[in-house]
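Q: Output the structure for:
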Amino acid sequence: MKLFKILFLFLTISATSQVPSIVWQRSYGSPGNDKVVSITKGNNNGFVVAGYADSNGGDISNHHGVDGSDDIWVYEIDSIGTILWSSLLGGTGGEQASTVIQTLDGGFAINGSSYSNDGDVYNSHWPSDEIWVVKTDSTGNILWQNSYGGSDDELSNDIKQTSDSGFIIIGNTDSNDGDVHGYNGNGDIFLVRTNKAGLLLWTKSIGGSSGDDGTCVETTANGCFLIGGNTISNDGDISGHHNTSTGDIWIAKVNSFGVIQWQRCYGGTGVDNIARILMCSDGGFYITGLTGSNDGDVTGNFGFYDYWVARCDSGGNILWQHCYGGISFEGAYSSNRTSDGGLIIVGVTDSDSSFMVGANNGIDDIWILKIDSIGNFEWGKCLGGTNFETGDAVIQTTNGDFLVTGSTLSSDGDVTFNHGGKDAWIIKLSSPFSGISQIENELKELTITSQHQQLLLRFFSKHPGNARASVFDSQGKMVLSEKIKINEGINYHLFNDVNFAQGMYYVNIEGDAQGSGKVVVQ
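A: I've put the predicted structure just below:
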């Protein structure tokens with residue numbers, strides 16, 4: 001046992017020495033509350049993200065409702081985080097996105113919920129929340145939209161495109177009319193199958209007499225679907241629950257018409273929630289989520305709530321499982337496969353000084369966890385400032401870097417700017433094996449001077465590259481933005497014909513190098 005402990009510590013030190021650094025990070029939003037919840041690969045090496053925004057200002061324009069009422073916000077960024085195009089989707093009632101995917105025709109599909117019946121939305125069962133799906137072209141223009149549900153509330157959590165170009169959508173329903181059939185009571189998992197134009201092929205209400213919600217769906221090689229959710233039921237379609245006073249993860253395989261082929265509950269006597277199902281080439285899958293258990297299917301809990309990963313065979317039997325975290329709260333909200341066959345998982349932590357978690361910057365941080373294909377811990381990293389951050393999605397780029405999306409209330413630590421309220425936040429992390437560290441990539445001796453309608457930036461860089469310099473006013477509105485070339489050594493960049501009102505302005509440089517500062521215009 002002593003030899004095992006020594007070897008384990010050695011491997012931990014070796015893995016954590018490869019923790020990636022921040023290449024660039026950027027806050028997006030308005031003076032209100034904004035968030036990014038999903039990311040997918042776009043066109044021309046860009047990435048498309050989806051979330052929601054509740055007011056105009058800053059990066060947001062053409063908001064449909066009053067301030068405080070959400071619109072779905074979808075936009076594309078290039079490799080250094082510059083917005084290429086942006087669309088606000090919704091009506092005056094309030095919409096939120098859950099997922100964005102790239103479709104086979106090069107466009108995008110966004111799913112979520114809507115409480116509107118105007119603007120971009122036609123809601124046949126208004127006034128209630130319905131599942132809302134929008135199909136766009138490659139630059140965010142609506143091609144079609146459709147709502148699904150009944151006279152009570154529905155919410156969509158995930159969408160996938162099927163091989164016939166149609167869609168499978170999973171969420172929750174409280175209805176027993178309209179598009180909903182066979183309701184079991186107290187909230188059901190709701191499965192929707194459409195053709196490529198968004199027209200209904202079938203729906204399925206799945207669950208028991210207590211509360212159930214649908215979180216994620218994956219297509220399988222034989223035209224079936226794996227569906228994942230959370231349940232406190234132990235009747236109806238659900239059996240094998242560990243403790244109906246808390247909650248279990250529930251996974252089922254259904255055929256192409258939604259008929260259950262097998263189902264299973266996962267967890268223990270504590271609260272267990274699923275984030276994602278990740279498919280394997282052998283027909284098996286990974287479960288990623290959070291656990292408050294340390295019994296049943298769960299062993300090795302580090303304390304309170306942990307990230308939980310289980311590897312299952314094609315029949316849903318657990319092959320292995322592991323907990324990851326610190327002594328406090330960790331909640332996994334999304335995950336993805338990596339190019340080396342492992343997993344990258346994102347969520348939130350309020351633990352500190354764990355060898356897995358690392359150093360927490362404040363209250364709640366985004367926590368990124370990397371494990372290999374058999375569950376061995378490779379590295380973990382906290383991202384954030386002294387306020388609240390949450391991680392909602394992560395994706396690997398073609399060169400091995402990672403893009404992490406979520407939200408922040410901070411303007412310090414890893415966060416260099418905040419538009420006001422909660423901002424959408426995107427962070428690019430280097431591949432653990434690829435290059436310049438965060439400290440080496442940080443611009444030094446950045447000074448900003450303003451005179452004669454000119455703004456002069458002076459800074460020192462150890463490495464050449466390209467970046468973007470942006471200027472924001474005190475309300476978070478971008479007033480200038482230019483691409484800049486960075487040389488090794490002392491650099492100067494001049495903004496000409498600047499006509500600023502008096503006040504405080506913030507400068508942010510992001511790209512192959514990063515830095516920030518502020519200047520008072522008198």
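
Q: quick one, strands of the stretch 201-350 of the chain?
A: Along the stretch 201-350 of the chain, counting by DSSP state E, counting those that start in this stretch, strands occupy 212-219, 225-231, 248-254, 260-266, 272-279, 285-291, 306-312, 318-324, 330-337, 343-349.

Q: How far off centre is the second one?
A: Offset of strand 225-231 from its chain centre (Cα atoms, centre = their mean, to the nearest Å): 19 Å.

Q: next one: the last one
A: Its chain's C-alpha centre and that of strand 343-349 lie 10 Å apart, by Cα atoms, centre = their mean.

Q: For the helix or strand following it, which strands pair with it and how are they oriented?
A: For strand 343-349, the following helix or strand on the C-terminal side (DSSP states H and E) is strand 365-371. Paired with strand 365-371 in the same sheet, following DSSP bridges, are strand 343-349 (antiparallel), strand 377-383 (antiparallel).

Q: which one of the strands of the stretch 201-350 of the chain lies closest to Asp412?
A: strand 343-349 (18.0 Å; Cβ to Cβ). For every residue, glycine as well, the C-beta is placed using N, CA and C.

Q: now that closest one and strand 306-312, what's the angle there?
A: 150 degrees (axes from the mean of the first three to the mean of the last three Cα atoms, to 10 degrees).

Q: Keeping just the C-alphas, turn strand 343-349 into PDB.
A: Output in PDB follows, covering the C-alpha atoms of strand 343-349 (Å, rounded to 0.1, in the frame of the first residue of the first chain):
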ATOM      1  CA  LEU A 343     -12.600  13.100 -21.900                       C
ATOM      2  CA  ILE A 344     -12.700  16.800 -21.100                       C
ATOM      3  CA  ILE A 345     -15.300  17.800 -18.500                       C
ATOM      4  CA  VAL A 346     -16.500  21.300 -17.400                       C
ATOM      5  CA  GLY A 347     -18.600  22.600 -14.600                       C
ATOM      6  CA  VAL A 348     -18.200  24.500 -11.400                       C
ATOM      7  CA  THR A 349     -16.200  24.100  -8.100                       C
END
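
Q: Just grab the bridge partners of Gly347 for me.
A: For Gly347, the beta-bridge partners are Ala332, Trp367 (DSSP bridges).

Q: for it, what are its contacts?
A: 275, 290, 307, 330-334, 366-367, 390-391 (Cβ atoms under 8 Å, 6 or more residues apart in numbering).

Q: still on that earlier bit, let me have the strands of the stretch 201-350 of the chain in CSV, extended by distance to Ile486 and mean pLDDT.
A: Output for the strands of the stretch 201-350 of the chain, formatted as CSV (distance: least, Cβ to Cβ, whole Å; pLDDT from 0 to 100):
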stretch, distance to Ile486, mean pLDDT
strand 212-219, 41, 98
strand 225-231, 45, 98
strand 248-254, 47, 98
strand 260-266, 50, 98
strand 272-279, 38, 98
strand 285-291, 38, 98
strand 306-312, 37, 98
strand 318-324, 38, 97
strand 330-337, 31, 98
strand 343-349, 29, 98
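
Q: I'd like these as TSV, with distance to Val520 appended.
A: Below are the strands of the stretch 201-350 of the chain laid out as TSV (distance: least, Cβ to Cβ, whole Å):
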stretch	distance to Val520
strand 212-219	48
strand 225-231	51
strand 248-254	53
strand 260-266	57
strand 272-279	45
strand 285-291	45
strand 306-312	45
strand 318-324	46
strand 330-337	40
strand 343-349	36
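
Q: Mind checking those strands for the one nearest to Val404?
A: For the strands of the stretch 201-350 of the chain, proximity to Val404 was assessed by Cβ to Cβ; strand 343-349 is nearest, at 5.9 Å.

Q: Reformat the strands paired with strand 365-371 as JSON lines; add distance to Gly90.
A: As requested, the strands paired with strand 365-371 are exported to JSON lines (distance: least, Cβ to Cβ, whole Å):
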{"stretch": "strand 343-349", "distance to Gly90": "26"}
{"stretch": "strand 377-383", "distance to Gly90": "29"}
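
Q: Pick the most deeply packed of those strands.
A: strand 343-349 (a mean of 26; mean count of other Cβ atoms under 10 Å).

Q: next one: stretch 254-269 to chain centre, how far?
A: 25 Å.

Q: Need the contact partners of it.
A: Contacts of stretch 254-269 (Cβ under 8 Å, 6+ apart): 191, 193, 202-204, 206, 223-225, 227, 231, 237-243, 246-253, 272, 287, 291, 293-298, 310, 315-316, 318.

Q: ok, of those, which come out buried?
A: For the contacts of stretch 254-269, a burial check counting by 16 or more other Cβ atoms under 10 Å picks out 191, 193, 203-204, 206, 224-225, 227, 231, 237-238, 241-243, 246-253, 272, 287, 291, 293-294, 296-298, 310, 316.

Q: quick one: contacts for Asp71?
A: With the criterion set at Cβ under 8 Å, 6+ apart, Asp71 makes contact with 52-54, 63-65, 88-90, 95.

Q: Local confidence estimate at it?
A: Looking at Asp71, its pLDDT is 96.

Q: Apart from its chain neighbours, what residue comes closest to it?
A: Gly90 (4.0 Å; Cβ to Cβ, 6 or more residues apart in numbering).

Q: Distance of the one you found relative to Phe47?
A: For Gly90, the distance to Phe47 (Cβ to Cβ, to the nearest Å) stands at 22 Å.

Q: More neighbours: those two, which one.
A: Gly90 (29 against 24; other Cβ atoms under 10 Å).

Q: which ones are touching that one?
A: Contacts here follow Cβ under 8 Å, 6+ apart; on that basis Gly90 touches 64-65, 70-72, 114, 116, 119-121.

Q: What is the nearest of these to Cys216?
A: Distances from Cys216 to the contacts of Gly90, taken by Cβ to Cβ, are shortest for Ile72, at 19.3 Å.

Q: Enumerate every residue touching the closest one.
A: 50-52, 88-90, 95-97, 110, 112, 134.

Q: Strand partners (parallel or antiparallel) of the helix or strand in which Tyr75 is found?
A: Element membership for Tyr75 (DSSP H and E) is strand 71-77. Strand pairing for strand 71-77, using DSSP bridges, gives strand 47-53 (antiparallel), strand 83-89 (antiparallel).

Q: Identify the residues contacting the first one?
A: For strand 47-53, the surrounding residues in contact (Cβ under 8 Å, 6+ apart) are 29-30, 32, 34-42, 60, 63, 70-77, 88, 95-97, 99-100, 102, 108, 110, 112, 392-393, 395, 403, 405, 424, 426.
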